[in-house]
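>>> Just the structure for this:
(one chain, ligands or ions: 1)
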Amino acid sequence: MLPSHFHFGVGTSSYQVEGAPHEGGKLPSIWDVYSHVPGHIKNGDTGDVAVDFYHRYKEDIALAKELGVDTFRFSLAWTRLVKEDGSVNLEGVAFYRSVLEEIHRQDLRPVITLYHWDLPQYLEDRGGWKERSILDAYLNYVSIVKEHLLDLCTDFLTFNEPQCFLYLGYQNLGHAPGKVYTFDEMMRAAHNVLMCHFKAQKLLKEGHPEVTVGFVNTMNGVIPENDDPQLWKAIQENFFKTPKGTKDFYTQSIYMDPLYLHHYPKEVEDYLREHNILEPGDLDLIKEGKDDTVYLNLYTSNHCYLDEKGQYHSERRPTKEKQGYLDWLIQEPETLYYTPKLIQERYHLPIVISENGDAVEDTLTPDGHVHDPRRSSYLLSYLHEMERAIDDGVDIRGYFYWSLCDNLEWSEGFGPRFGLIYIDYKNNLRRIKKDSFFDYHKFIRENR
Ligand code: NOJ
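Just a heads-up that it's a prediction; the model follows:
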C-alpha cells in the first residue's frame, strides 16, 4: 500500500524539451554549442527545437494534469535567467513565471531542478566546474531565482546527477562540453558542485523554512543473487566504497556521504585537504546541511553475488528480453526494491524516486496509436517492486516517471523515446498519448 501523502510525478529538463535557443534573450549553454559540432549527437540532432515546450508548455502541463500526477518536475535554463554580466534577464523570468502559473492553474505542484546540465557557455570558457569562482556565478543565479520565482515554487533540486554530468562531460565521454579534466580537476569540480549545493540550500531557505532543497543522485542499483545475509553485508560494504584513484572516488559517496551523513568519506577528505581543495568553512557548511530527503534517479541494477571463495562480484546481466533500446538500460524491476532499501539502511532518510523510465523505439500506427507494452510492463513492474519496498518499511515518498514526453536524449538524439506521450517529429510535433500513459494513469487512480 502506498502512503496517502505519496507524490506521483513526471519529469523533463530544459535543454531536452524547450527549444527556442534564440528567444527571450537566452544565451548559449554548453549543450547549444556542443550539439552543433558535427558528430557529437546522433543523426545531427540538436535541441534547437526539441519538442518546443517553450511555446507549447500549456498543452504539456495540461497533459500532465490529465495523466493524473500531482507533481511536475522541470528544470530552469540558467541561460534564460542570467545575463553574462550577472544581471537578471526579465524575459526569462516572465517565461518561467508563466510556466509556474500554468502548473498551479492545473493544480499541480512544481518541483524545479536548478541545474540539469546546461551550463552557460561563457562560464565553461572561464574553466567550468573546476573553478572555485563558479560558486559566485551559481549563487548569483540562485539569488535571482529566489527573488523572482520563490512565490511560485517551494521545492527545489540544486543539481541533477553530477555523477553523470561531470563524468560524461569532463572525461570526454560523449556529453557537453566534451572536455578532459585531470583527476585533481574532477575532485575540484565535485567539491565545487557540493559547495554550490550547500550554499544555495542555505540561501533559498533563509527566511523561508517551508522551502525544500534537495540534490538528485543516480547510480546503478543492486540486486542480490540470493538472500544470504553475508551477501547483503558484502553489498553494504562494497557499494559505498571510494577506492583511491578510481572513478568511484569522485562519484556516489563523494556526494551522498556529505549530503546525508554530513562528512566526506575519510580518504576523500584527506585527498581534498592534501591537495588544498578545501577552503575555510567548507566542512562546517557540510555539517550544517539540511538535506532531509534522498532523491534517486534509478533505472537499472547490477547483479551481486559471492563466489565460492567468498569474493564479492557485481555485474550487469543483459539478456535479450531485458535489454532495451539503450545499452546501459537493462530492465531490472527489483532495482526499486533493493536500492532504496540499501540507501535507507545507510542514510536513514525518506526517499523520492526522482526519475525512472524506459526508452523504446515506439512507432505510430496508421490509426494514430502508440502501443508500447514494453514501457507499460517496465513501469508497472518497477512500481510493484517499489510498493513491495514500502510494505517492507522503506520510506519512499514519491515517484516521478521520466519522462512526460519523448525528447532529446542528449548525445543519443531523438531516437530513444522515454515519454508517456509520443512526439510526432515529422508532423508538427503532435502529441499522442501512448498506451503507457493510460496505464500510469490507471495505476495512480487505483493507488490514491
Ligand atoms: C538521466 C537524466 O536526468 C535525463 O536527462 C535523461 O534523459 C534520463 N536519465 C534518461 O537517460
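>>> Can you name the residues of the stretch 251-400 of the chain sitting close to the ligand?
Contact residues, the stretch 251-400 of the chain versus the ligand (Cβ under 6 Å from any ligand atom): 297, 355. All C-beta atoms are positioned from the backbone trio N, CA, C, and that covers glycine.
>>> in the stretch 251-400 of the chain, which spans are helices?
Ranges of helices within the stretch 251-400 of the chain are 252-261, 266-274, 282-287, 335-347, 373-391, based on DSSP state H, counting those that start in this stretch.
>>> For the residue nearest the centre of the chain, what are phi and psi?
If you average the C-alpha coordinates of the chain and look for the closest C-alpha using Cα atoms, centre = their mean, you land on Asn160, 4.0 Å from that point. Note on Asn160: backbone dihedrals following degrees, to the nearest 10 are phi -110, psi 120.
>>> So it is in contact with Thr113, correct?
Yes - shown here, Asn160 and Thr113 form a contact pair, counting by Cβ atoms under 8 Å, at 5.1 Å.
>>> where's the closest residue to Tyr260 other than its chain neighbours relative to the ligand, distance?
The spatially closest residue to Tyr260, leaving aside those adjacent along the chain, is Tyr347, at 4.0 Å (Cβ to Cβ, 6 or more residues apart in numbering). The spacing between Tyr347 and the ligand, counted by Cβ to the nearest ligand atom, to the nearest Å, is 21 Å.
>>> quick one: the lengthiest helix in the chain to helix 266-274, angle?
When the chain is scanned for its longest helix (criterion: DSSP state H), the result is helix 183-205. Orientation of helix 183-205 against helix 266-274 (axes from the mean of the first three to the mean of the last three Cα atoms, to 10 degrees) gives an angle of 100 degrees.
>>> returning to what we had before: among the helices of the stretch 251-400 of the chain, which comes closest to Arg132?
The closest approach between Arg132 and any of these, judged by Cβ to Cβ, belongs to helix 282-287 at 10.3 Å.
>>> Now do that closest one, average pLDDT.
Averaged across helix 282-287, pLDDT comes to 98.
>>> With stretch 26-41 instead?
For stretch 26-41, the per-residue pLDDT values average out at 98.
>>> which residue sits closest to Leu278, ignoring its sequence neighbours?
Beyond its immediate neighbours in the sequence, the residue positioned closest to Leu278 (Cβ to Cβ, 6+ apart) is Leu272, lying 4.9 Å away.
>>> per-residue confidence at the one you found?
pLDDT recorded at Leu272 is 97.
>>> Please report how far it lies from Val17.
Relative to Val17, Leu272 is positioned 36 Å away (Cβ to Cβ, to the nearest Å).
>>> Also Gln344?
When distances are taken as Cβ to Cβ, Gln344 and Val17 turn out to be 32 Å apart.
>>> where does the stretch 1-150 of the chain come near the ligand, residue by residue?
The stretch 1-150 of the chain has residues 13, 16 near the ligand, with proximity defined as Cβ under 6 Å from any ligand atom.
>>> Show me the shaky parts of the stretch 1-150 of the chain.
Confidence mapping of the stretch 1-150 of the chain against pLDDT under 70 gives zero matching residues.
>>> and the residue of it found nearest the ligand, what does it touch?
With Cβ to the nearest ligand atom, the shortest gap between the stretch 1-150 of the chain and the ligand falls at Ser13, namely 5.1 Å. With contacts defined as Cβ atoms under 8 Å, 6 or more residues apart in numbering, the neighbours of Ser13 are 74-75, 113, 116-117, 160, 407.
>>> and with 7 Å instead?
74-75, 113, 116, 160 (Cβ atoms under 7 Å, 6 or more residues apart in numbering).
>>> and those residues, which of them are in strands?
Within the contacts of Ser13, membership in strands is found for 74-75, 113, 160, as judged by DSSP state E.
>>> biggest separation within the contacts of Ser13, which pair?
Across the contacts of Ser13, the two members that end up farthest from each other (Cβ to Cβ) are Phe74 and Asn160, 11.0 Å apart.
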